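>>> let's see this in three dimensions:
(chains A and B)
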Amino acid sequence: MVKRKILVADEELARKLAQIAEEKGQTLFGLLNDILEQAVRAHNMGLALKFILDEYDRLRALKEAGFVHVVKGLWLDVVDKAYSLGDKRSLLEKWRETGHWYGRYFIVKCPENAIGGFRDFICSLMWGASEFVMEVDNGEVQVRCISTDFPESYTKLLSAFFEGAFEVLGYRCMEEDVSKGLLRMLFKKQ
Amino acid sequence: MPKGVARGRKLIAVPSELISELNELANRDGVPFYSYTTEALEHVVKAGRMGRKLREILDFYEVMEVRKVSGHVIVPQETLNWLIKKLYSKEKENLQEVWRHAGRWFGRLLNAKFGSGAFDFFIKILKLSGWELGEVVLEQNANVVSLRLTSFTLSEENTFLLMCYLEGVMESLGVKIENKEHMRGVIKVEFKKNA
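Predicted coordinates for the structure are as follows:
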């Protein structure tokens, strides 16, 4: 028999937990045991449960938006190979089209603040870059990306993606500086 | 209502050992024990609303972290498929080698990070990567391991490249291939697991 202690919990919270336990076919004791074990586990990972749940939400949203994980080197290699094989125009067009699609996606998904939704989404995606900043301010958007391992091909394709997305979101590119691993773009609202 | 319990609060029995550990953690964070446990319980209710168990969410997070530190990026699936389709006819063998090489590298990383638990963690990654794969079944008979992956969305090219990647990972994990089969969206591989 496991030694038990009594925990004081908010009544409404206790009611919801009892409901979850019932839905999952668990006893309340079993459910609580599991929950508290996970709280200790999260703490030992040096993280708050809230952070982990928010991350889970974010990744679920990425999945819904049609994203997958791929090894970075492999992805850059495939992109660079396709680009260097001489099909640059169709690749640039494909990236611009993809940008269009995601621009429209955020107009539908966050009609009150499509640009904000797109910014949060892109910032959460760019973990492969050493530095990525997207600042939205007073009808202007500044995009800055630095990553020494991005080949020129991929940096150019990224800029085509942003052009496509911002075009749909009602912005026009006013300044652009793109070279291997470095991207800086300035968009203004039309 | 038991004596000493404020209105709107309830008493719940939990394992004594966990309470001591949580108490210690709450003290370390300088948070009152009641607030600490209430927050944890609130997150479970949130996870429940997502239709998930907290344990699954933590497992998923752990896998995503390994992917992140091992150099994975998140890319649009449609664009990746388009690129592979475009390149596959001209660069088939090259692509297979690139995928196999990436697999070998990832296998070595798992070995370095998880030691003897690397194989099990890799299976966990496959199972929790439900994004790309519909089903991951692992069966073990004596020292022969049979792994079956199925997906309704994988193209023929992607299926074959995934198999190359798997071969690369397994090779680094010290797993010897006995038999392999594949067709669009289905991979079945039998390995001999080294002691």
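>>> among the helices and strands of chain A, which one scores worst on average pLDDT?
Of all the helices and strands that make up chain A, the one with the lowest confidence by mean pLDDT, DSSP states H and E is strand A:4-10; it has a mean of 74.
>>> relative to that one, what are the paired strands and their orientations?
Strand pairing for strand A:4-10, determined by DSSP bridges: strand B:9-15 (antiparallel).
>>> buried sites along stretch A:178-190?
Applying a neighbour-count criterion of 16 or more other Cβ atoms under 10 Å in any protein chain shown, one finds A:178, A:181-187 buried in stretch A:178-190. Every C-beta, even on glycine, is put in place using the N, C-alpha and C of the backbone.
>>> widest-spaced pair of these?
Comparing all pairs in the buried residues of stretch A:178-190 by Cβ to Cβ, the longest separation belongs to A:G181 and A:F187, at 20.8 Å.
>>> just the strands in chain A please.
Remark: strands assigned in chain A by DSSP state E are A:4-10, A:67-71, A:131-137, A:140-146, A:171-179, A:182-189.
>>> quick one: is the helix or strand containing B:K86 near chain A?
Under the criterion DSSP states H and E, the helix or strand holding B:K86 is helix B:77-114. Yes: Helix B:77-114 comes into contact with chain A (Cβ under 8 Å from any Cβ of the partner chain), by way of B:77-80, B:82-84, B:86-87, B:90-91, B:94-95, B:98-99, B:102, B:105-106.
>>> need the buried ones from these selected in ChimeraX.
Selection of buried members from the residues of helix B:77-114 next to chain A for ChimeraX, criterion 16+ other Cβ under 10 Å:
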select /B:77,79,80,82,83,84,86,87,91,95,98,99,102,105,106
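>>> what residues are up against A:W127?
For A:W127, the residues meeting the contact criterion (Cβ atoms under 8 Å, 6 or more residues apart in numbering or on different chains) are B:68, B:73-74.
>>> returning to what we had before: helices and strands around the helix holding B:K86, which ones?
Under the contact criterion of 3 or more Cβ pairs under 8 Å, 6 or more residues apart in numbering or on different chains; DSSP states H and E, the helices and strands touching helix B:77-114 comprise strand A:67-71, helix A:72-84, helix A:88-109, helix B:118-128, helix B:156-172.
>>> pLDDT weak spots in chain B?
For chain B, applying pLDDT under 70 flags the ranges B:1-9, B:129-132, B:193-195.
>>> now residue 26. Nearest residue, chain neighbours left out?
The chain I'm using is chain A. Of all residues beyond its chain neighbours, the one nearest A:Q26 is A:D34 (7.7 Å), with distances taken as Cβ to Cβ, 6 or more residues apart in numbering or on different chains.
>>> wrong chain, I was asking about chain B
Distance criterion Cβ to Cβ, 6+ apart; nearest residue to B:A26, sequence neighbours excluded, is B:Y36 at 3.8 Å.
>>> contact partners for that neighbour?
With contact set as Cβ under 8 Å, 6+ apart, B:Y36 has these partners: B:22, B:25-26, B:29.
>>> chain center to the one helix or strand it maps to, what's the gap?
Secondary structure assignment for B:Y36, by DSSP H and E: helix B:33-49. Between the centre of helix B:33-49 and the centre of its host chain there is 24 Å, according to Cα atoms, centre = their mean, to the nearest Å.
>>> could I get stretch A:3-23 in PDB with only the CA atoms?
C-alpha atoms of stretch A:3-23 as PDB (Å, rounded to 0.1, in the frame of the first residue of the first chain):
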ATOM      1  CA  LYS A   3       1.600   5.900   1.800                       C
ATOM      2  CA  ARG A   4      -0.800   8.700   1.100                       C
ATOM      3  CA  LYS A   5      -0.900  12.300   2.200                       C
ATOM      4  CA  ILE A   6      -3.800  14.800   1.900                       C
ATOM      5  CA  LEU A   7      -3.500  17.800  -0.500                       C
ATOM      6  CA  VAL A   8      -5.800  20.800  -0.400                       C
ATOM      7  CA  ALA A   9      -7.000  21.900  -3.800                       C
ATOM      8  CA  ASP A  10      -9.400  24.400  -5.200                       C
ATOM      9  CA  GLU A  11     -12.900  22.800  -5.200                       C
ATOM     10  CA  GLU A  12     -13.700  23.600  -8.800                       C
ATOM     11  CA  LEU A  13     -10.300  22.300  -9.900                       C
ATOM     12  CA  ALA A  14     -10.800  19.100  -8.000                       C
ATOM     13  CA  ARG A  15     -14.200  18.700  -9.700                       C
ATOM     14  CA  LYS A  16     -12.600  19.100 -13.200                       C
ATOM     15  CA  LEU A  17      -9.800  16.700 -12.300                       C
ATOM     16  CA  ALA A  18     -12.400  14.100 -11.100                       C
ATOM     17  CA  GLN A  19     -14.100  14.600 -14.500                       C
ATOM     18  CA  ILE A  20     -10.900  14.000 -16.400                       C
ATOM     19  CA  ALA A  21     -10.100  10.900 -14.400                       C
ATOM     20  CA  GLU A  22     -13.500   9.500 -15.200                       C
ATOM     21  CA  GLU A  23     -13.200  10.300 -18.900                       C
END
